[in-house]
Structures are given as structure tokens and as C-alpha cells.
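Quick one, structure for this:
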Amino acid sequence: MNSGLITTRYAKALLRFADDNKQTEIVYEEMKQLALNFDNNHDLRILLENPMIGSSIKKKVLLTAAGEKVSPSTSKFIDLVLLNKRGNLFHLIALGYIDIFRKKSNIHKTVITTASAIDVQTEKKLVQFIASETKGTVEFEKIIDPSIIGGFIIEVDSKRWDGSLSKQLLRIREKLN
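Modelled structure (predicted):
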């Protein structure tokens, strides 16, 4: 069976279960924390794929990776996933839950990359503008990347607007060649 289909089904099941327990937002934060820990620690994935490590250790590791105090919904869901021997898919399940929750809640992940820090007033205007255009809530992340030289790159969900100086210089170079 396709692992994408499996992870989507588990993510949807978790959303329904968390919704029944009125814990969708808490589980969302826990899944974001889990996904971040998976991204930052490759050993976590290796541990979950190892058949020699027992479910109780894997559960402790996942609970720790999800945050300090984990909701009952997440704890029971971890039990279910490990019982069905799908622990190796937990990262993808967490990412699936995040995507489904964002779509359901009309949350738009926005990343702005600039060459230097932007002031608070500019940040607020950007968030307000994006929120009005998307008619939803904005999760805002700032990245400072001096390699873009100047300007900005804005990513909203899967859309990207590149107004960086480095991109403009690249276009000019391509036209001259």
C-alpha cells in the first residue's frame, strides 16, 4: 500500500479523534513540535525504524519529541501507530496532520526572506495584507539571508514571489548571455 495514502489516513483519523476530544489546536502544536524535532534530529527517524527497539522506548521518545506535556489524544494516537507498527511513518503523519489542520482552519504558512531584518511595523503590514488577501489566519516566519543581497522573497503556502536583488541580477545576466 502507498505510504502517502497510509499517512493521510492516519493524519485524518488523528484530526477526527482530536476533534472529538476538543484538542485539535493542542495536537496541532504537538505535531508541529514533532515535525521540527524530526527535521532537526535524523537519529529520531532511525530509532523509529529500528525493529530491535521496543514500543515503550519509541513511545517515550515520541512523547518527549512532541513537547513537555502531551495531550491524551496524542498519547493514545502514538500507542495506536506503534501498535500497528507504523512508527517509521510518524514524521509523515505529523506533516499530514499539520497540512490538513491548516486547510481546515484556513491557516496560511507565510515565510518572508530578506537580506536584513525588517521592522515590526513592516511585518504587521505584511501579515495584515496577506491575511486580507487569503481571508484567513497567517502563520508568519522570518528568515534573514544576506545572499539575496536586497529585496525579499515571500512564500505563502505553495506560492512564491521572488523580488530579491540576486534574482533580478540573474535575470539580467541571462538576458545578456
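
Can you give me every residue that contacts residue 94?
Applying C-beta atoms under 8 Å, 6 or more residues apart in numbering to residue 94 gives the contacts 11, 31, 32, 34, 35, 38. Backbone N, C-alpha and C define where each C-beta goes, glycine included.

List buried members of the residues you listed by neighbour count.
Buried members of the contacts of residue 94, scored by 16 or more other C-beta atoms under 10 Å, are 11, 31, 32, 34, 35, 38.

Give the residue spans of this structure that score low on pLDDT.
1-3 (pLDDT under 70).

switch the cut-off to 90
Residue ranges of the chain with pLDDT under 90: 1-4, 67-68, 123, 126-127, 151, 158, 163, 177.

hey, where'd the strands end up in it?
In the chain, the strands defined using DSSP state E lie at 107-114, 137-144, 152-156, 159-162.

Mean neighbour count for these - can I get that in JSON lines?
Listed next are the strands of the chain as JSON lines, based on neighbours: other C-beta atoms under 10 Å:
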{"stretch": "strand 107-114", "mean neighbour count": "18"}
{"stretch": "strand 137-144", "mean neighbour count": "13"}
{"stretch": "strand 152-156", "mean neighbour count": "17"}
{"stretch": "strand 159-162", "mean neighbour count": "12"}
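
Arrange these in CSV, one row each, with distance to residue 18 as further columns.
As requested, the strands of the chain are exported to CSV (distance: least, C-beta to C-beta, whole Å):
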stretch, distance to residue 18
strand 107-114, 15
strand 137-144, 18
strand 152-156, 26
strand 159-162, 28
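
which one of these lies closest to residue 124?
Set against residue 124 and scored by C-beta to C-beta, the strands of the chain come closest in strand 137-144, at 9.7 Å.

quick one, that closest one and strand 152-156 angle?
Put simply, strand 137-144 runs at 150 degrees to strand 152-156, going by axes from the mean of the first three to the mean of the last three C-alpha atoms, to 10 degrees.

Number the residues from 49 up from this point.
Sure thing, new numbering starts at 49, so read that last one as strand 185-192.

Can you spell out which helices and strands pack onto strand 185-192?
Under the contact criterion of 3 or more C-beta pairs under 8 Å, 6 or more residues apart in numbering; DSSP states H and E, strand 185-192 touches strand 155-162, helix 168-182.
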